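S.K.: okay, here's the prediction I keep looking at, along with the sequence it came from:
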Amino acid sequence: MGTRHLALLRGINVGGNNLIPMVKLREAFEALGFGEVRTYIASGNVVFSAAKAPSREAIEAMLAKRFSYSAKVVLLTAAQLGRAVAEAPRGFGKQPARFRYDVLFARAPVTAKQVLPQLSVKAGVDEVSAGTHALYFRRLIAKASQSRLPKLMGLAVYKDLTVRTWNTTTALLDLLTQRERRPPVASDRARRLR
């Protein structure tokens, strides 16, 4: 079965651009020899198993050829995504009615700590911090129009970032680790009891 991985595709199915059906995306990853391929929502989240470490360059080249767009992918193992979730600031994601929580993943060789000084925040509206594999951006919903997060799109480094909500990030971790936590089927239990 291999090791579980996550590919975060940047800039697909957003604003009518780079439209890729999830069925076609799964087929593309299966054609590269990956197993247990699953997608989560239509924003370019692919969970898969690989017998050996996948090549980001090979995945990007395949996506560019098959779907005719300039593919940029962040690749994470289950352990790396688990660390990104564990390193979130205390209370991050805990008050969804009051704050919006986004996780910004950097595409290597860019790191979250390199990006952090380039981000500006509006006092009383935004908070941002960096972990090993991600940046954590929290903004006050009541003052969302004052947030400086949209200014990120004007930075050169933006092309090497992909953004996911906190809910999507934690759901992807659940998908990645599901196989390990899945209870044995009844026939397996019965075999062990014999």
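M.R.: All right, it came through fine. Numbers count the residues shown, from 1 in each chain.
S.K.: got the domain boundaries for the protein?
M.R.: Using automatic domain parsing, the domain parsing of the chain gives 3-81, 82-165.
S.K.: centre of the chain to the shortest one, how far?
M.R.: To tie it back to what came earlier, the one meant is domain 3-81. Between the centre of domain 3-81 and the centre of its host chain there is 11 Å, according to CA atoms, centre = their mean, to the nearest Å.
S.K.: what is the mean pLDDT for it?
M.R.: On average, the pLDDT along domain 3-81 is 90.
S.K.: for stretch 144-151, same thing?
M.R.: Stretch 144-151 comes out with an average pLDDT of 90.
S.K.: and the domains of the chain as a markdown table, adding mean neighbour count?
M.R.: C-beta: built from backbone N, CA, C; applies to glycine. Below are those laid out as a markdown table (neighbours: other CB atoms under 10 Å):
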| stretch | mean neighbour count |
| --- | --- |
| domain 3-81 | 17 |
| domain 82-165 | 16 |
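S.K.: quick check: beta-bridge partners of Leu6?
M.R.: Val47, Leu76 (DSSP bridges).
S.K.: begin at 36 from now on, thanks
M.R.: Sure thing, new numbering starts at 36, so read that last one as Leu41.
S.K.: right, and it touches Asp209 too?
M.R.: No. Under the criterion of CB atoms under 8 Å, Leu41 makes no contact with Asp209, lying 11.5 Å away.
S.K.: which stretches of the chain form helices?
M.R.: 57-66, 91-102, 113-121, 147-150, 201-216, 221-228 (DSSP state H).
S.K.: state the pLDDT value of Ala225.
M.R.: Listed pLDDT for Ala225 reads 37.
S.K.: out of the domains of the chain, flag the one nearest Gln213.
M.R.: Of all the domains of the chain, domain 38-116 sits nearest to Gln213, with 8.7 Å by CB to CB.
S.K.: quote the end-to-end distance of the closest one.
M.R.: Domain 38-116 has an end-to-end distance of 13 Å (CA to CA, to the nearest Å).
S.K.: wait, what's in contact with Thr167?
M.R.: Thr167 makes contact with Gln115, Arg118, Ala119, Glu122, Ala147, according to CB atoms under 8 Å, 6 or more residues apart in numbering.
S.K.: closest to Ser105 out of those?
M.R.: Ala147 (22.6 Å).
S.K.: the closest one contacts His168, doesn't it?
M.R.: Yes. Between Ala147 and His168 there is a contact under CB under 8 Å: 6.5 Å.
S.K.: tell me which of the helices of the chain sits nearest to Ser84.
M.R.: Nearest of these (CB to CB): helix 201-216, 8.2 Å.
S.K.: residues of the closest one that come out buried?
M.R.: Trp201, Thr203, Thr204, Thr205, Leu207, Leu208, Leu210, Leu211, Thr212 (16 or more other CB atoms under 10 Å).
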